[in-house]
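Student: Sharing a model that was predicted from the sequence below.
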Amino acid sequence: MAKPVLFVTRRLPASIEALAARDFDARLTASDVAIPDLLARAGGADAILCCPGDVLDQAVIAALPDTVKAIGTFSVGYDHIDLNAARARGIKVCNTPDVLSVATAECAMLLILAAARRAGEGERLVRSGGWQGWAPTQLLGTQVSGRRLGIFGMGRIGREIARMAQGFGMEVHYRDQARLPDDLEHGAVFHDSDDSFLPVCEVLSLNAPGGESTRHWLNAHRIARLPQGAIVVNAARGSLVDDTALIAALRTGHIAAAGLDVYNNEPALDPGYLTLENVVLLPHLGSATSETRDAMGRLVLSGMAAILAGQAPPNLVV
Ligand code: DGY
């Protein structure tokens, strides 16, 4: 029997490309960047394996060939896919939950520590050749131990960050739609309003999904209610942040430092960030470990194979 045709929008880890070629008639690519002619390339495909940054909006999904029955995204986030449009076309969508939670939480901790301890400035100083040696007042940062960490979005990744941050001696608070059961809360303090949550966030970690319901959640109004000198990190989605407001607060020092892995309009981030010393900038590395990307690839391929076989995989989104 002929294997289903899988159109892959980006180069994948070699082991995952081998798996794709084993289980599908895989149309692979050597490209690491979004393919401009996605629709033209999808002709005759049964399934599409896409990535964050590939825009599968209403217009693109409406124009997909009738052969397409499954879309798998090499990510846990699916804000780049119009789920209603997929549903309307009878196309099933799957993603890569769970397997990237630890790696993404590690990245958030990296941002917290790097922002608090001014690691970006320190690295630039050493590389500039201008470092004069140890000095009692040089690049003084903030100890995170004993600080209050507020997590906006206490899903799987948020809970991993909570666990890691508690290991660093941080007091964890969280804001979400509902309180977690005790066994998942692990002593973190739930807040059912921004009024109680924002003033305790000496460090704020954004971990909610992207999309319209959270667009620019961190705006000027909420930033003003964070403690003076707070640290903000975002390893979730750039759309959670109003960049103009955050950049203004970083300039005044109301926000002492930020650590960002994700941006509005990636990769064309707001150039204002590039002018600031007190921001650590990473290129969307959250899940970027070999073992995690391998697990993500296996999960999304198995999800698409199950969909095409008429089954509902555990990683089915719609
Ligand atoms: C995801 O899975 O949504 C990440 O942002 C990709 O690393």
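Tutor: Received, thanks.
Student: So which residues on the stretch 1-150 of the chain come close to the ligand?
Tutor: Applying Cβ under 6 Å from any ligand atom, one finds that the stretch 1-150 of the chain approaches the ligand through Pro52, Ser75, Val76, Gly77, Leu100. The way it works is simple: take the backbone N, C-alpha and C, and place the C-beta from them, glycine included.
Student: Tell me who's in contact with the first one.
Tutor: The one in question is Pro52. Thr73, Phe74, Ser75, Gly77, His80, Glu266, His284 (Cβ atoms under 8 Å, 6 or more residues apart in numbering).
Student: separation between Arg222 and the ligand?
Tutor: Between Arg222 and the ligand the distance is 22 Å, computed by Cβ to the nearest ligand atom, to the nearest Å.
Student: Tell me the secondary structure of that residue, please.
Tutor: The three-state assignment at Arg222 reads helix, by DSSP: H, G, I helix; E, B strand; the rest coil.
Student: Reduced to three states, what does the residue nearest to it when sequence neighbours are not counted come out as?
Tutor: Distances taken as Cβ to Cβ, 6 or more residues apart in numbering place Leu198 nearest to Arg222, at 5.9 Å, with adjacent residues excluded. Using three-state DSSP, the structure places Leu198 in helix.
Student: rewinding a little: could you dump the residues of the stretch 1-150 of the chain next to the ligand into TSV with pLDDT added?
Tutor: Converted to TSV, those look like this (pLDDT from 0 to 100):
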residue	pLDDT
Pro52	96
Ser75	98
Val76	98
Gly77	98
Leu100	98
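Student: Spit out the contact partners of the residue most central in space within the chain.
Tutor: Nearest to the mean C-alpha position of the chain, counting by Cα atoms, centre = their mean, stands Ala236 at 3.3 Å. Counting by Cβ under 8 Å, 6+ apart, Ala236 touches Gly77, Gly153, Ile157, Leu206, Asn207, Ala208, Pro209, Gly210, Val262.
Student: so where's the longest helix in the protein?
Tutor: Taking DSSP state H as the assignment, the helix of the chain that covers the most residues is helix 290-308.
Student: Flag every buried residue along that helix.
Tutor: Using 16 or more other Cβ atoms under 10 Å as the test for burial, helix 290-308 gives 292-297, 299-308.
Student: Just give me the neighbour total for Lys69.
Tutor: Burial of Lys69 is recorded as 18 neighbouring residues (other Cβ atoms under 10 Å).
Student: Against Gly158, how distant is it?
Tutor: 33 Å (Cβ to Cβ, to the nearest Å).
Student: Shouldn't the residue nearest to the centre of the chain be within a helix?
Tutor: No. Looking at Ala236 with three-state DSSP, it is coil, so not inside a helix.
Student: per-residue pLDDT, it?
Tutor: Note for Ala236: predicted pLDDT of 98.
Student: Would you mind listing what in the stretch 201-318 of the chain touches the ligand?
Tutor: Gly286, Ser287.
Student: Can you name the residues that contact whatever residue of the stretch 201-318 of the chain ends up closest to the ligand?
Tutor: In the stretch 201-318 of the chain, the residue that lies nearest the ligand is Ser287 (3.6 Å; Cβ to the nearest ligand atom). The contact partners of Ser287, by Cβ under 8 Å, 6+ apart, come to Ser75, Val76, Leu100, Ala103, Thr104, Cys107, Arg293, Met296.
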